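[1] what follows is a predicted structure for the sequence shown.
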Amino acid sequence: MKKFGLLCFIGLMILVLAACSGGGSKEAESAGKKSGKSKDEITLKFVHWINEENGKWEKVIKKYEEEHPGIKIESMPLVENMTHADYVKQLDLMASAGEQIDILMFSNINDLVKRVDAGLVAPIDQFLNDEGIDIDEVYNNSYPAIEGKYYGLPMKNVTNLVMMNKNHLDEAGLDIPKEWTWEDYAEYAKKLTTDDHYGSYLHIWHNFQSSLKLISKADNTIILKEDGSSNADDPMLKASLELRNQLENIDKSSVPLSEILSQNMNYRQQFFSQSVSMIPISSFMITEWGQFTPDFEIAWAPWPQNEPGDNYANMGGDIISIAENSEYKQEAYDFIRWMTTEGIVAQEVWTPSWKNADLDSVLETLVKNTANPEAVDLPSLSHALTSVQPSKSFAPATYITEVLTEFDAQVELYLLGEQDIDTTMKNIIDKTESIVKANK
């Protein structure tokens, strides 16, 4: 009797399990039909701020998917205006809502650090170790380790250089500089200045174009040191402010800050309208001309140095990372590794950070795709990019934004003639020290 009862129980359980199994199969089949995907297909959601028109994502993603069956990449620009600051706001909202993110991009170390601290970005050191690569040997890497770990691969490379109007150089009888100092830059600016145009233009980015000598050093190139202490007393910071003041207010060879502010000037408009001859800028300007199409030839010079032979320049660019909550970290790594090597070359949009890329071929392709390829002097461009070495970069303390706000205010008082250099430097040093102490 007991044996008969046991057999009945086993039979009943088999029927129940069969029913459950059948129902599960139907649900899985139904879900597969609804999604239109095979059960082995993986979709990686890739968020960024660059639209299709500028990023040319479709063709490069198609190439990857053809080479990697079963992997789909969904390109998701989170903003329409291509503004990185707006993108990271949308990224934070998306992450807080728990939406799927597998791959993400950043344009600067500050925004990356904030999302690393928030637990949004995954370290990639294990993948690098498994592959046996040194990130600094494979890439011109401007994104240092954060507390000993790497959080992405450098994609687009942006190198500081000087953009020049070659017609103005020819009219002034000046050669395209191949190696020069900031004193040479000041002399060029004077010789290029005429009744019709200024020789130089420096924009309102004071941590960049009011800090020219500071950022030309091998290291300690910003107002804070790597340990978060103040670097405001660096002699090159004071020298940078004096250089800009000399150009704008003494030599009258660079557009004065008062005009830039009162007329809300745009640096692209100033250069492409031929109102100025030179602008210290970065290599994104090889192709990012905005709504302008130059009708003159653009020459390029290496970043000027503090002393002959230094040859340092800041390098930056975009980094592509893996989301901490991604369920497909290996697949995401495989994509970002490809995207930062073969992919970015096939994309034909940006200069790669990948050292093995054929730079001359890449530049020819980039220039060919501009609105006026004849406007770009390729030999000088290639020299400007290859004749410099990167200065040391690091992830600054989170209070850097507060420091720069105070710095900007003091710089403008000085350049507008409202206080002298000694007062300006004392205020910058005191305010920086105060902020550092408040955050210790």
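    Great, that's in hand.
[2] E307 falls within a helix, correct?
    No. E307: not assigned to a helix; according to DSSP: H, G, I helix; E, B strand; the rest coil it is coil.
[3] skipping adjacent residues, who's closest to it in space?
    Spatial nearest neighbour of E307, chain neighbours left out: T181 (7.0 Å); criterion: CB to CB, 6 or more residues apart in numbering. Backbone N, C-alpha and C define where each C-beta goes, glycine included.
[4] quick check: beta-bridge partners of that neighbour?
    Per DSSP bridges, the residues bridged to T181 are Q305.
[5] surely I50 is in contact with M82?
    Yes. I50 lies in contact with M82 (CB atoms under 8 Å); the separation is 6.0 Å.
[6] which one's more surrounded, those two?
    The neighbour count for I50 versus M82, taken as other CB atoms under 10 Å, is higher for I50 (21 against 15).
[7] surely I71 meets K62?
    No. Judged on CB under 8 Å, I71 makes no contact with K62 at a distance of 11.9 Å.
[8] more neighbours, these two?
    I71 (18 against 11).
[9] pLDDT wise, what is the more buried one at?
    The model reports I71 with a pLDDT of 98.
[10] where do the strands sit along this structure?
    Shown for the chain, the strands assigned by DSSP state E span residues 42-48, 71-77, 103-106, 121-122, 153-165, 198-200, 276-282, 298-302, 312-313, 315-323, 389-390.
[11] so which of those strands gets nearest S380?
    strand 298-302 (4.6 Å; CB to CB).
[12] how far off centre is the closest one?
    21 Å (CA atoms, centre = their mean, to the nearest Å).
[13] give me the neighbour count for the residue nearest to E307.
    Neighbours around T181, by other CB under 10 Å: 18.
[14] from the centroid of this structure, which residue is nearest?
    G317 (2.8 Å; CA atoms, centre = their mean).
[15] just checking, A239 touches K213?
    Yes. In this structure A239 lies within contact range of K213 using CB under 8 Å: 4.6 Å.
[16] neighbour-wise, which of these two wins?
    Per other CB under 10 Å, whichever of A239 and K213 has more neighbours is K213, with 23 against 15.
[17] ok, the more buried one to L359 distance?
    28 Å (CB to CB, to the nearest Å).
[18] likewise for A313?
    Distance from A313 to L359, by CB to CB: 15 Å.
[19] higher neighbour count, those two?
    Shown here are A313 and L359; by other CB under 10 Å, A313 has more neighbours (23 against 17).
[20] contact partners for that one?
    159-161, 216, 302-303, 388-391 (CB atoms under 8 Å, 6 or more residues apart in numbering).
[21] can you list the residues you listed in JSON lines and add neighbour count, pLDDT and distance to P379?
    Compiled in JSON lines, the contacts of A313 are given as follows (neighbours: other CB atoms under 10 Å; pLDDT from 0 to 100; distance: CB to CB, whole Å):
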{"residue": "T159", "neighbour count": "24", "pLDDT": "96", "distance to P379": "16"}
{"residue": "N160", "neighbour count": "24", "pLDDT": "97", "distance to P379": "19"}
{"residue": "L161", "neighbour count": "26", "pLDDT": "98", "distance to P379": "14"}
{"residue": "S216", "neighbour count": "26", "pLDDT": "98", "distance to P379": "23"}
{"residue": "P302", "neighbour count": "23", "pLDDT": "98", "distance to P379": "13"}
{"residue": "W303", "neighbour count": "26", "pLDDT": "99", "distance to P379": "17"}
{"residue": "V388", "neighbour count": "22", "pLDDT": "95", "distance to P379": "16"}
{"residue": "Q389", "neighbour count": "12", "pLDDT": "91", "distance to P379": "20"}
{"residue": "P390", "neighbour count": "18", "pLDDT": "90", "distance to P379": "22"}
{"residue": "S391", "neighbour count": "20", "pLDDT": "93", "distance to P379": "25"}
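[22] just the closest of those to L120, please.
    For these, the nearest to L120 is P390 (26.7 Å; CB to CB).
[23] do I have it right that the closest one meets Y312?
    Yes. Using CB under 8 Å, P390 is in contact with Y312, at 7.4 Å.
[24] buried sites along stretch 80-99?
    In terms of neighbour count (16 or more other CB atoms under 10 Å), stretch 80-99 has its buried residues at 84, 87-88, 91, 94-95.
[25] try stretch 410-422
    Residues 410-412, 414-415 are the ones in stretch 410-422 that count as buried (16+ other CB under 10 Å).
[26] how about those, which pair is most distant?
    Q410 and L415 (9.8 Å).
[27] one step back: what sits against the residue nearest to the centre of the chain?
    107, 142, 154-158, 350, 353.
[28] now do K329
    122, 127, 322.
[29] swap in 6 Å and give it another go.
    Residues counted as contacts of K329 (CB atoms under 6 Å, 6 or more residues apart in numbering) are I322.
[30] now do the helices in the stretch 1-150 of the chain.
    Ranges of helices in the stretch 1-150 of the chain, per DSSP state H, counting those that start in this stretch, are 2-35, 52-55, 57-67, 84-96, 109-117, 125-131, 135-138.
[31] make that the stretch 251-400 of the chain, sorry
    257-262, 267-272, 329-338, 344-347, 359-368, 378-386, 400-415.
[32] residues in contact with the second one?
    Helix 267-272 is touched from outside by 201, 203, 276, 279, 290, 292, 294, with contacts defined as CB under 6 Å, 6+ apart.
[33] noted, bye for now.
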